[in-house]
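Asks: Below are the sequence and a predicted model; questions follow.
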Amino acid sequence: MGVPRFWREQPHRYRLEGTRCTNCDRVYFPPRWVCPVCRRESVGKMERHKMDGTGTVVASTVVHDPAPGFEDQVPYAVAIIELDEGCRLTTQVSDVADPHDVVPGMRVKSAFRRIQSDGASGVIYYGTKFVPLVEQGSTPS
Amino acid sequence: MATNPAEKARHHAGREVAVIGIGQTAFGERWEASFRDLVTEAGLKAIQDANIQGEDIDAVYVGSMSTALTIGQEHVAPLVIDHAGLADFHMPATRVEGSGASGSIAFRQGVLAVRSGDADIVVVGGVEKMTDSSDAETARIVGSSMDQEWESFVGATDTAIHAMMARAHMDELGTTLDMLAQVAVKNHDHGLKNPYAQFKRPITREQVHAAPMVADPLTRLHCAPLSDGASTVVLCPLEAAESFTKKPVKVAGTGQGSDTLALHARHSLTTMAAARAAAERAYAQAGWGPDSVDVAELHDAYTVNELIALEDLGFFPRGGAGPATLEGETALGGRIPINPSGGLKARGHAVGATGLAQIAEIVSQLRNEAEGRQVKDARRGVCHNTGGTGATAVVTALEVL
């Protein structure tokens, strides 16, 4: 991947910066610059909006045959997360004893992690993975 | 079923279209054959089948997913004309891309060209050469139809996305691993009877369960292979079709739909809205629906896709496709035979060629020429071809009169 292609996405990848339609108040992550609900009414009215980073697993799988560049991470959990703001994204869920523990309904929070790298001496790409969220008052299992 | 009255009027403003010729190559790991060899072989067969000459051809469409990545070659439509020996006719030649649905979109473009009166004889070819690239390159090619920034970047694979669909189908609708596995078992049984099929060996549900895991719960035997192959059809106005062939097959309807590129942005993980929209449009044009379909070819890139398609196209209610598959209702001899060719799973998935291999199979069925796998008295058939993880879908309705 060319460096500018990654660099321009850094606010979104590092800090979960999405967008908010000031016409209807819906938020989007990954970011959208046209609101699919308001469409032309949203043009020029989309603002950057940082997501809280907490959410719930909607669907999950464990990848055994990895994408190129992810060979050193198998087996790893991939999931669709619904953020508490209501939008969904695809992510890895890490920091779990067994990737099969990642199941729908599990509460998670965002974490800054190394995602992949261009070989041993190339660019290292950082971004967001999700990790288990221990809610206040609950006991870690 | 037509929701928009203008849609029907629009269809009838044009000419009716027929398929008058088909030709395909064997699908598989065709190490001896280049992209050029494959597309030329299928094209020549189709032209002979249609009894046409090069000078009869008004336009050519070529469906291919990823020639820049598979063989380092773009601009393949004139290449195809060139190697078929047709360059001196200077006909318009257009390459069409829509991931795994490229072939069906090319077919639809050909139908629209004939319908509009812009062309009388159109040749539509689909082709993919998947085994000239390394394994890592092939993985990137398959991943390139997903959302590169927000799916592939984090390590999600095409299989991982479909695995989440499978899990959601199990959780929401009661589908079991046995039901999913039976799709592969049934399609391998069908592939035994197709001379063009890549895999001609039966498998069992136990073998599907025990195969190496790709992305939980999908083992390798839930996944279609990536194949080399080509398939071609010839189109002309229905009213002229009988001057070329005794068995014209009418294109009763063609529908196409789209959706978000990434699965996570869609409203449901267990149905493909693009395919439902495409089916609704195709059925509306045809004037008939799922209850009159005798045979269908559905895009079973993964076992779960066949179950989702069976429900999206209205053959079974939501959650009904899995149990019906276990009961044998979708096998040859069953109530609605699905993928008599072996489907993507056993015939093979030569990506851009797949949609046209589906059309060729249904045309063979409707001509009563599908030896050994013929669906008795088949008069109406449907093809369902999707791209990526469901962001593009094409449904084609075919019938004999």
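Replies: Structure's in. What do you need?

Asks: Direction included, what does the strand or helix carrying residue B:230 pair up with?
Replies: When secondary structure is defined by DSSP states H and E, residue B:230 falls within strand B:229-237. Paired with strand B:229-237 in the same sheet, following DSSP bridges, are strand B:17-24 (antiparallel), strand B:122-128 (antiparallel).

Asks: For the chain, which helix or strand comes out least confident on mean pLDDT?
Replies: As the question left the chain open, I've gone with chain A. Comparing helices and strands within chain A by mean pLDDT, DSSP states H and E singles out helix A:3-7 as the least confident, with a mean of 87.

Asks: try chain B instead
Replies: Taking mean pLDDT, DSSP H and E as the measure, helix B:5-13 is the helix or strand of chain B with the lowest mean score, a mean of 59.

Asks: And for residue B:369, the neighbour number?
Replies: By other Cβ atoms under 10 Å in any protein chain shown, 11 other residues sit near residue B:369. To be clear about C-beta, it is placed using only N, CA and C from the backbone, and glycine gets the same treatment.

Asks: Residue B:51 too?
Replies: The local packing count at residue B:51 equals 13, with neighbours defined by other Cβ under 10 Å.

Asks: residues in contact with the closest residue to chain A within the stretch 251-400 of chain B?
Replies: Closest to chain A within the stretch 251-400 of chain B is residue B:264: 4.2 Å, counting by Cβ to the nearest Cβ. When the contact criterion is Cβ atoms under 8 Å, 6 or more residues apart in numbering or on different chains, the partners of residue B:264 are A:80, A:88-90, B:150-151.

Asks: Mind checking which of these land in helices?
Replies: For the contacts of residue B:264, membership in helices holds for none, with DSSP state H as the criterion.

Asks: The nearest residue to residue A:85 once chain neighbours are set aside pairs with what?
Replies: For residue A:85, ignoring the flanking residues on the chain, the nearest one in space by Cβ to Cβ, 6 or more residues apart in numbering or on different chains is residue A:27 at 4.7 Å. Each beta-bridge partner of residue A:27 is listed here, defined by DSSP bridges: residue A:20.

Asks: Which residues are in contact with residue A:27?
Replies: Contacts for residue A:27 (Cβ under 8 Å, 6+ apart) come out as A:18-21, A:49, A:51, A:85-87.

Asks: again, but for residue A:50
Replies: A:15-18.

Asks: likewise residue B:107?
Replies: Listed by Cβ under 8 Å, 6+ apart, the contact set of residue B:107 reads B:61, B:63, B:124, B:126, B:233, B:254, B:355-356, B:359, B:394, B:396.

Asks: can you tell me which residues contact the nearest residue to residue B:281 once chain neighbours are set aside?
Replies: Taking Cβ to Cβ, 6+ apart as the measure, residue B:281 lies nearest to residue B:255, with 3.0 Å between them; neighbours along the chain are not counted. With contacts defined as Cβ under 8 Å, 6+ apart, residue B:255 is in contact with B:277-285, B:394-396.

Asks: Nearest to residue B:315, out of those: which one, please.
Replies: Closest to residue B:315 out of the contacts of residue B:255 is residue B:279 (10.1 Å), distances taken as Cβ to Cβ.

Asks: and that closest one, how far is that from residue B:187?
Replies: Plainly put, residue B:279 is 21 Å away from residue B:187 if you go by Cβ to Cβ, to the nearest Å.

Asks: now swap in residue A:38 and tell me
Replies: In this structure, residue A:38 and residue B:187 are separated by 44 Å, where distance is defined by Cβ to Cβ.

Asks: Quick check: the gap between the nearest residue to residue A:123 once chain neighbours are set aside and residue A:15.
Replies: Nearest residue to residue A:123 in three dimensions, chain neighbours excluded: residue A:3, at 6.2 Å (Cβ to Cβ, 6+ apart). Using Cβ to Cβ, one obtains 19 Å as the distance from residue A:3 to residue A:15.

Asks: Neighbour count for these two, which is higher?
Replies: Applying other Cβ under 10 Å to residue A:3 and residue A:15 shows that residue A:15 carries more neighbours, namely 15 against 10.

Asks: Could you find the closest non-adjacent residue to that one?
Replies: Spatial nearest neighbour of residue A:15, excluding adjacent residues (Cβ to Cβ, 6+ apart): residue A:50 at 6.0 Å.

Asks: ok, now how distant is that neighbour from residue A:29?
Replies: For residue A:50, the distance to residue A:29 - Cβ to Cβ - is 10 Å.

Asks: what touches both of the two?
Replies: When contacts are counted by Cβ under 8 Å, 6+ apart, the set common to residue A:50 and residue A:29 consists of A:16, A:18.

Asks: quick one: secondary structure of residue B:95?
Replies: When classified by DSSP: H, G, I helix; E, B strand; the rest coil, residue B:95 comes out as strand.

Asks: what's the farthest-apart pair in the contacts of residue B:107?
Replies: In the contacts of residue B:107, two members sit farther apart than any others by Cβ to Cβ. They are B:126 and B:254, at 15.0 Å.

Asks: Tell me how chain A divides into domains.
Replies: For chain A, whose domains are defined here by automatic domain parsing, the residue ranges read A:17-50, A:54-132.

Asks: Return the most buried member of those.
Replies: When the domains of chain A are scored by mean count of other Cβ atoms under 10 Å in any protein chain shown, the highest mean neighbour count falls to domain A:54-132 (a mean of 18).

Asks: Next, count neighbours for residue B:32.
Replies: Other residues close to residue B:32 by other Cβ under 10 Å number 7.

Asks: Actually, residue B:241.
Replies: The number of residues packed around residue B:241, counting by other Cβ under 10 Å, is 22.

Asks: Just give the closest residue to it, not the sequence neighbours.
Replies: Using Cβ to Cβ, 6+ apart and skipping the chain neighbours, the partner closest in space to residue B:241 is residue B:248 (3.4 Å).

Asks: State whether the one you found and residue B:237 are indeed in contact, as I suppose.
Replies: No: counting by Cβ atoms under 8 Å, residue B:248 stays clear of residue B:237, with 10.1 Å between them.

Asks: So for these two, which residues contact both of them?
Replies: Between them, residue B:248 and residue B:237 have residue B:18 as joint contacts when contacts are counted by Cβ under 8 Å, 6+ apart.

Asks: more neighbours, these two?
Replies: Taking residue B:248 and residue B:237 together and counting by other Cβ under 10 Å, residue B:248 has the greater number of neighbours (25 against 18).

Asks: State the distance from the more buried one to residue B:24.
Replies: When distances are taken as Cβ to Cβ, residue B:248 and residue B:24 turn out to be 19 Å apart.

Asks: Spit out the contact partners of the residue nearest to residue B:49 when sequence neighbours are not counted.
Replies: If the residues on either side of it in the chain are set aside, residue B:49 comes closest to residue B:21, at 3.9 Å by Cβ to Cβ, 6+ apart. Residues counted as contacts of residue B:21 (Cβ under 8 Å, 6+ apart) are B:46-52, B:232-234, B:244-245.

Asks: now residue B:362
Replies: Residues in contact with residue B:362, defined by Cβ under 8 Å, 6+ apart, are B:249, B:295-297, B:381-383, B:398.

Asks: got the phi/psi numbers for it?
Replies: Backbone dihedrals for residue B:362, given as degrees, to the nearest 10, come out at phi -70, psi -40.

Asks: per-residue pLDDT, the nearest residue to it once chain neighbours are set aside?
Replies: Computed as Cβ to Cβ, 6+ apart, the closest residue to residue B:362 that is not its neighbour in sequence is residue B:381, at 3.8 Å. Per-residue confidence (pLDDT) for residue B:381: 98.

Asks: Is it correct that residue B:381 falls within a helix?
Replies: No: assessed with three-state DSSP, residue B:381 is strand; it does not lie in a helix.

Asks: Tell me how many other residues crowd it.
Replies: When counting by other Cβ under 10 Å, one arrives at 28 neighbours for residue B:381.
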